[in-house]
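Participant: Give me the fold of what follows.
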Amino acid sequence: MNFKLFLSFIPPLGVRGLLLLLGGFVFFSCSTTMNKKEIIARKWRVESIEVIPATQDTAQPTINSNDNLPKKYKIWYEFKANGVYVCQRGNMKDEGEWQFSTDEKVLLLKSSQNQKDDASWWLEELNKYQMMLSTQERGKKEIMKLSPEN
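Facilitator: The predicted model follows:
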């Protein structure tokens, strides 16, 4: 197809109008893309925590679903845009600062209340519908699945 034939298909807007229309479409498409900090800045409900033993061949993974827990034991994380997080585990509450590693592959939590609550979670998946984090400690791997609060 040659260029003149292509131009014959352009509606009465003309080339300039078509370019403006395409430019506006690209601008608005790009401006609605959220970065990881914008996506994570909300309240998240822990849906499940899977614990995989170090020797996978001798033991089965354990999956703990948040749905099976009494309400007072449900787990929530709230990540605020200013870098502060709050974690609610039943009646226990922890808060501190959160940030991503420089490559944005690890979520770092630094508790302001208890140093043993500091954590590093690998960011396995993050979108506006789900977050999946994993960590390896004491010879076992934990995978935590979270969904945003409605």
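Participant: is it true that Asp118 touches Lys110?
Facilitator: Yes - the criterion here is CB atoms under 8 Å, and Asp118 meets it with Lys110 at 5.4 Å. For glycine as for every other residue, the C-beta is placed from the backbone atoms N, C-alpha and C.
Participant: So which of these two has more stuff around it?
Facilitator: Lys110 (15 against 11; other CB atoms under 10 Å).
Participant: what sits in contact with each of Asp118 and Lys110?
Facilitator: Jointly contacting Asp118 and Lys110 under the rule CB atoms under 8 Å, 6 or more residues apart in numbering are Gly96.
Participant: For Thr135, which residues count as its bridge partners?
Facilitator: In this entry, Thr135 is beta-bridged to Glu142, by DSSP bridges.
Participant: got a list of what it touches?
Facilitator: Contacts of Thr135 (CB under 8 Å, 6+ apart): Ala119, Ser120, Trp121, Trp122, Lys141, Glu142.
Participant: Check Gln113 too.
Facilitator: Asp94, Glu95, Gly96.
Participant: Show me what the first one bridges to in the sheet.
Facilitator: Following DSSP bridges, Asp94 is listed with bridge partners Cys87.
Participant: Now for it, how many residues are close by?
Facilitator: Asp94: 17 neighbours (other CB under 10 Å).
Participant: likewise the second one?
Facilitator: When counting by other CB under 10 Å, one arrives at 17 neighbours for Glu95.
Participant: Tell me which stretches of this protein form helices.
Facilitator: For the chain, the helices defined by DSSP state H occupy 3-8, 14-31, 36-40.
Participant: Wait, Trp122 touches Met132, no?
Facilitator: No - look at Trp122 against Met132 with CB under 8 Å: they stay out of range, at 9.2 Å.
Participant: which one of these two has more residues nearby?
Facilitator: For the pair Trp122 and Met132, the greater number of neighbours falls to Met132 (18 against 15), based on other CB under 10 Å.
Participant: Could I get the pLDDT score of the more buried one?
Facilitator: Note on Met132: pLDDT of 97.
Participant: what about it, distance to Asn114?
Facilitator: Distance of Met132 to Asn114, given as CB to CB, to the nearest Å: 25 Å.
Participant: Tell me, please, where in this protein the pLDDT is lower than the cut-off.
Facilitator: 1-33, 54-73 (pLDDT under 70).
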